[in-house]
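Q: Below are the sequence and a predicted model for it; my questions follow.
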Amino acid sequence: MKSKSALSVQPGVEAPDVINKKLKNRFQRRKDLEINEYIDGILQQNRSILSQAITLVESTLPAHEEKAQQILEQILSHSGKSLRIGITGVPGVGKSSFIEVLGQHILALGRKLAILAIDPTSQRSGGSILGDKTRMEELSRDKRCFIRPSPAGESLGGVARKTREIIILCEAFGFDTIFVETVGVGQSEVAVHSMVDFFLLLMLAGAGDELQGIKRGIMEMADLIAITKADGDNTSQASAAASEYKSALHLFPPTKSQWIPQVKTCSAIENTGVTEIWQALLDYEYLVKDNGYFSKNRSQQAHYWMHETIRANLLGSFYQKPELQGEMQKMEQLLREEKITSYQAAKLLLQQYQ
């Protein structure tokens, strides 16, 4: 007779669900919307659908790009009714603090504001911080304001490749004021200038480089220069810097818009100078709409971005062509061995691409 084991397994209780049923639906993957659902959602001011549409526009998947373009084509007639403002400045100038204060002033006037903040992308890791919502606490809590940080990717100077299309989505949603904040590290200003109506340059006083020639290109694009942090012991330095910039602007040729660029001082901490800056923006808008430059400039911008899109697509097509991969490696090897010039290598590869 087999002896009975001293060990026995008792029946246990039924294991509970791993996921809380009340939260399960919240974390389910969003279903893919149809084109008409995107359009209706944007026109009915559904913020969730607007965010999904922006994500679709930013996607590089061919199927997503095609769908995004169909959405943009159908809502284009509902866009174009905002004032587009580019805001740039070197790191540390106080862009986020300035935008927070100016944004609150604009919302108090009954306007609706969208902020498209372009975050620099690491060339090493490919990551972006995307921290603008944490830096603009008051605006991020206001339902009349929409903040969308976007990674710059590999586009020129840190400007997100699809920012112009995102502007169209935000305008169709009903935002009448659009801020495009750039990283302020170089050539990004050129691209942003070609997609906004007004270009605002933030500068610091007392940095010892007020009139350096390196800033000439950016200053020529600026419709208004704002000297930030004009408070406390820095007030007199800010006023002196403003005078120097005003003198420098007189040396530049007249603008095509017939607008005379202005220089203002402001303080986000003391909330001073912001009202005057916003009034200057409205004065500019009135002038350029009255003399016809507003619509002419937007038309020129549309032409510019058509050609930029062609260049970007050709570049992508070139590097993605499988037949060229082997040839490109051969050319790179010849360059390392110094048996061919860079120009010759590029010309041979382009001939094979054609």
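A: Perfect, thanks for sending it.
Q: ok, then the element right after the lengthiest helix in the chain?
A: For the chain, the helix with the greatest residue count under DSSP state H is helix 293-320. Once the chain leaves helix 293-320, the next helix or strand it forms, by DSSP states H and E, is helix 322-336.
Q: For stretch 265-274, list every residue counted as buried.
A: Neighbour-count burial for stretch 265-274, counted by 16 or more other CB atoms under 10 Å, picks out 265, 266, 267, 268, 273, 274. Backbone N, C-alpha and C define where each C-beta goes, glycine included.
Q: where does the closest residue to the third one other than its chain neighbours fall, phi/psi-wise?
A: The shortest distance from residue 267 to any residue other than its chain neighbours is 3.9 Å, reached at residue 231 (CB to CB, 6 or more residues apart in numbering). Per-residue torsions, residue 231: phi -150, psi 160 (degrees, to the nearest 10).
Q: residue contacts, residue 231?
A: 267, 269, 270, 272 (CB atoms under 8 Å, 6 or more residues apart in numbering).
Q: can you rerun that using 7 Å?
A: 267, 269, 270 (CB atoms under 7 Å, 6 or more residues apart in numbering).
Q: That one and residue 51, how far apart?
A: Remark: distance between residue 231 and residue 51 (CB to CB, to the nearest Å) = 36 Å.
Q: does the most centrally placed residue in the chain sit in a helix, a strand or a coil?
A: Central residue check for the chain by CA atoms, centre = their mean: the C-alpha nearest the mean position is that of residue 118, 3.7 Å away. Three-state call for residue 118 (DSSP: H, G, I helix; E, B strand; the rest coil): strand.
Q: And for residue 147?
A: Once three-state DSSP is applied, residue 147 turns out strand.
Q: What is the burial count for it?
A: The number of residues packed near residue 147 is 20, by other CB atoms under 10 Å.
Q: Please tell me how far the closest residue to it other than its chain neighbours sits from residue 179.
A: Once flanking residues are discounted, residue 147 sits nearest to residue 115: 4.7 Å by CB to CB, 6+ apart. Remark: distance between residue 115 and residue 179 (CB to CB) = 5 Å.
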